[in-house]
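>>> 3D, please:
(one chain, ligands or ions: 1)
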Amino acid sequence: MISWTINFPFDSFTLICTTVIGVLFYYYSTSTYDKWKKANLPHTRPVPLFGNLFRMVLGFDSENETYDKIYKQFPDKKICGFYQMRTPYLMIRDPELINNVLIKDFAHFTDHGFEMDPSVNILGSSLFFTNGQKWKIMRQKMSPGFTSGKLKLMHSQIKECSKDMINYINSKLKTTDQFDVHDIMNKYATDVIGTCAFGLKLGSMSDEDNEFRKHMKLLFKSSFRLTFTNLLQLISPKLLSILKISSTPPEVMEYFNSSFKNVIEYREKNNLNRNDVAQTLMQARKELVLNNSSYPEEKFTEMDIISNAILMYFAGAEPVSDTLAFCLYELAMNKHIQDKLREHIYRTKEKHGGEFSNDYLMDLHYADMVLTETLRKVNGTIVLFRVATKAYQVPNSSLIIEKGQKIIIPTYSIHHDPKYYTNPDVFDPERFSLEEKSKRLSGTELLFGDGPRFCVGKRLAELEMKLGLSEIVSKFEVSPCVKTENPIQFAKAGGAIKPKNGIWLSLKPVAAV
Ligand code: HEM
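All right, here's what the predicted structure looks like:
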């Protein structure tokens, strides 16, 4: 009784405080959730704080499952609403409207709409995450690094990486014919980005724990720091900026900073011009950081340049290695397609003087179809992001998309919608024959995005994928082995579609089969 009277005032105070905090928190968590109801737009009921990402944040659903469920809920709608944590988002489902957003009315949707503070994440000042005029200037400076002329000059650098890969497989074949092709493709794609974007010969095949790979892994390694900052980024990017919590470990920033500076110093000192992406970035540094008289209204720093070099790995190496590995898996599971591709490679090579030259690659149409179908079936890009930079009246509708409204375009779902791709789970490169392509509705083939903001590295990706694929398929028979998963298990965490346990396949020299 005595203890009750002593504790009571304290307990009631605690109770009141807890209730007030609880009510305020509930209000904060749900205060945005009436937007789609008021706009009379179809939407899914949100869970306080988590919106429609509850199962994804808890790890029950992957990102593609999350968005696909929303997409499938409104099969007849052009647009629907959902909540990414507290933020109201629009999902554009209609191909014609998608085309408007990406291409025709791009002036209203120029930005991806991320608020990533560069002091919080090193990628914050890279092309993918920058907006407005700064994006426009940087894109103009970077695009010349990916023209077909420049790519021709990068051909020999990439070829060297593909040769290293073949030597590596041959040396391993002395002891095993079972390979985690996802790991090998990752080493290959890392070497390509290392040489093209950083000007470094990494040699990941013989030295898999080289400093570059080690630091790249640290950049994306799951840790409490990364999980916490990612979650805070979803809930409130502004809070993350105010708290100045960086998701990039300082030693990683330091490593890339000094690596790129060493390359600049070396090339300048030796008057070296290699016509690669690294050189394009050096030129951008000269024009935007050291002597920015053309765009005095925008300030660029050394970190903006380094950030773009790192983006090349993030945006370039990972999707290339995933695509190549998934492609080999499909070829192992579909032997008739593998045989057809090998035959096509042999014939085209012979036609071009027995070399995997630039002209050979341009002529490799069936490989294009095989890679494109791989990207349709398992593309790491699950959605495209845009934000309305000006208010937009949706054609033939009373809906006005207001300035600042965030949008996603559900590419994974569109590429798996039987309305656009019959039997979407079947691997069928014929979908991308010239005849089939010409029948396709625009806005339904978005493998590299579309419009002025489409993937700047598309051509480089195609070049290295076709070269890597040519080397492997011409030399090795790819087939399932005891370790091959069927179907592949995918990781739930992370923003892209990744194999959970690698992709194990048997590689045997073609002549020996
Ligand atoms: C299979 C390989 C690849 C795929 C599937 C892919 C896909 C994409 C997609 C879907 C986008 C977003 C486009 C949009 O919003 O409309 C994108 C953007 C981008 N990609 Fe790629 N990409 C690949 C390879 C590469 C490579 C090799 C590089 C460079 C080395 C690269 C650099 C970039 C950059 C810098 C952006 C941002 C462009 C901007 O915002 O202006 N990508 N990519």
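>>> Any figure for the gap between the residue lying closest to residue 504 once chain neighbours are set aside and residue 173?
When the adjacent residues along the chain are set aside, residue 504 lies closest to residue 483, with 3.6 Å between them (CB to CB, 6 or more residues apart in numbering). From N, CA and C alone the C-beta is placed, and that goes for glycine too. Here residue 483 is placed at a distance of 16 Å from residue 173 (CB to CB, to the nearest Å).
>>> Then residue 259?
According to CB to CB, residue 259 stands 33 Å off from residue 173.
>>> For these two, indicate the residue with more neighbours.
The neighbour comparison of residue 259 against residue 173 (other CB atoms under 10 Å) goes to residue 259, with 19 against 15.
>>> Next, the contact list for the more buried one, please.
198, 200, 212 (CB atoms under 8 Å, 6 or more residues apart in numbering).
>>> Same check on residue 294?
If you count contacts by CB under 8 Å, 6+ apart, then residue 294 has residue 287 around it.
>>> how about the residues of this structure near the ligand?
Residues of the chain that fall close to the ligand, judged by CB under 6 Å from any ligand atom: 127-128, 139, 311-312, 315-316, 319-320, 323, 375, 379, 381, 384, 447-450, 453-457, 460-461.
>>> Weed out the non-buried ones from those.
The neighbour-count criterion (16 or more other CB atoms under 10 Å) marks 127-128, 311-312, 315-316, 319-320, 323, 375, 379, 381, 384, 447-450, 453, 455-457, 460-461 among the residues of the chain next to the ligand as buried.
>>> Might you specify the subset of those residues located within strands?
residue 384 (DSSP state E).
>>> mind listing what's buried in stretch 394-413?
Of all the residues in stretch 394-413, those buried under the rule 16+ other CB under 10 Å are 394, 399, 401, 405, 406, 407, 408, 409, 410, 411, 412, 413.
>>> Using PDB, write out every CA atom in it.
Listed in PDB are the C-alpha atoms of stretch 394-413, where the atom choice follows Å, rounded to 0.1, in the frame of the first residue of the first chain:
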ATOM      1  CA  VAL A 394      -2.500  13.500 -66.500                       C
ATOM      2  CA  PRO A 395      -3.900  13.300 -70.100                       C
ATOM      3  CA  ASN A 396      -7.600  12.400 -70.400                       C
ATOM      4  CA  SER A 397      -8.000  12.500 -66.600                       C
ATOM      5  CA  SER A 398      -8.800  15.000 -63.900                       C
ATOM      6  CA  LEU A 399      -5.800  13.900 -61.900                       C
ATOM      7  CA  ILE A 400      -3.000  16.500 -61.500                       C
ATOM      8  CA  ILE A 401       0.300  15.100 -60.300                       C
ATOM      9  CA  GLU A 402       1.500  17.800 -58.000                       C
ATOM     10  CA  LYS A 403       5.100  19.200 -58.000                       C
ATOM     11  CA  GLY A 404       7.300  17.100 -55.600                       C
ATOM     12  CA  GLN A 405       5.100  13.900 -56.000                       C
ATOM     13  CA  LYS A 406       7.300  10.800 -56.000                       C
ATOM     14  CA  ILE A 407       6.600   8.100 -58.600                       C
ATOM     15  CA  ILE A 408       7.700   4.600 -59.400                       C
ATOM     16  CA  ILE A 409       7.400   2.700 -62.700                       C
ATOM     17  CA  PRO A 410       7.200  -1.000 -61.800                       C
ATOM     18  CA  THR A 411       9.500  -2.400 -64.500                       C
ATOM     19  CA  TYR A 412       9.900  -5.900 -63.000                       C
ATOM     20  CA  SER A 413       6.100  -6.300 -62.900                       C
END
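>>> Check the offset of that stretch from the chain's centre.
How far stretch 394-413 lies from its chain's middle: 22 Å, per CA atoms, centre = their mean, to the nearest Å.
>>> Now do that stretch, average pLDDT.
The average of the pLDDT scores along stretch 394-413 is 95.
>>> still on that earlier bit, so which of the buried ones among the residues of the chain next to the ligand are in helices?
Restricting these to those inside helices, with DSSP state H as the criterion, leaves 311, 319, 320, 323, 375, 460, 461.
>>> returning to that earlier point: most neighbours among the contacts of residue 259, please name it.
Of all the contacts of residue 259, residue 198 has the most neighbours under the rule other CB under 10 Å, reaching 24 neighbours.
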